[in-house]
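S.K.: fold the following for me, if possible:
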Amino acid sequence: GVGTYLKDKNKNVQVFLADPQGSVLYNYIKNGKLERTPGDSITEGIGQGRVTQNLKDAPIDDALAIKDVDAVEWTFRLLHEEGFFVGASTGLNIAAAKQVAELMGPGHTIVTCLCDTGQRYYGKLYSRKVLQDRGLLDAVPEPYRRSLHD
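M.R.: Model prediction:
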């Protein structure tokens, strides 16, 4: 994977796993246990309940548990501040990249992936009702709520 490639090029590279709430991978990396973190995530297709083959030997240095409120906030910030129509997995990656930057401090390069589009999530993530029902409406900055549909 990318982490292995980068570590082969530079031994100082650090790889962080970003895991949504309700997944087991954060606890697996931190404690070696397949135990879920609290909550259920709005993200789709990530947050496994098992360790897959491609993850077993991955050179992961640390893990971050990312809350949906942070993933949702960054999803809408990317749309309105940068013009990127992305899904919650990308919002989660950006939230994690920000946390890593804060952990590492100035002078480091942080790399992440914009891995999905908002079209796939339009009926769920961009729905005022769904976000309200999940307690996530307040995670969308007020001026950006105009992009929600009912």
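S.K.: all helices of this protein, in order?
M.R.: Here the chain has its helices, by DSSP state H, at 2-9, 25-31, 53-56, 68-77, 88-104, 128-133.
S.K.: most tightly packed of these?
M.R.: For the helices of the chain, average neighbour numbers computed from mean count of other CB atoms under 10 Å are highest in helix 68-77, which has a mean of 23. In short, each C-beta sits where N, CA and C put it, glycine included.
S.K.: and it, average pLDDT?
M.R.: Mean pLDDT, computed over helix 68-77, is 97.
S.K.: can you offset everything so residue one is 32?
M.R.: All set: I'll call the first residue 32, so the last point we hit is now helix 99-108.
S.K.: contacts for that helix, please.
M.R.: For helix 99-108, the surrounding residues in contact (CB atoms under 8 Å, 6 or more residues apart in numbering) are 51-52, 70, 72-74, 117-123, 125-126, 129, 149, 156, 162, 165, 167, 169-172, 175, 178.
S.K.: hmm, back to that, for residue 143, find the nearest of the helices of the chain.
M.R.: helix 119-135 (4.2 Å; CB to CB).
S.K.: just the C-alpha atoms of that closest one, please, in CSV.
M.R.: Presented in CSV, the C-alpha positions along helix 119-135 are these (Å, rounded to 0.1, in the frame of the first residue of the first chain):
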residue,chain,number,x,y,z
ALA,A,119,-18.0,11.3,4.7
SER,A,120,-15.0,9.1,4.2
THR,A,121,-13.1,12.0,2.8
GLY,A,122,-14.4,14.3,5.6
LEU,A,123,-13.1,11.7,8.1
ASN,A,124,-9.6,11.6,6.4
ILE,A,125,-9.4,15.4,6.5
ALA,A,126,-10.4,15.5,10.1
ALA,A,127,-7.7,12.9,10.9
ALA,A,128,-5.1,14.9,8.8
LYS,A,129,-5.9,18.0,10.9
GLN,A,130,-5.5,16.0,14.1
VAL,A,131,-2.2,14.5,12.9
ALA,A,132,-0.9,18.0,12.0
GLU,A,133,-1.8,19.2,15.5
LEU,A,134,0.0,16.2,17.1
MET,A,135,3.1,16.5,15.0
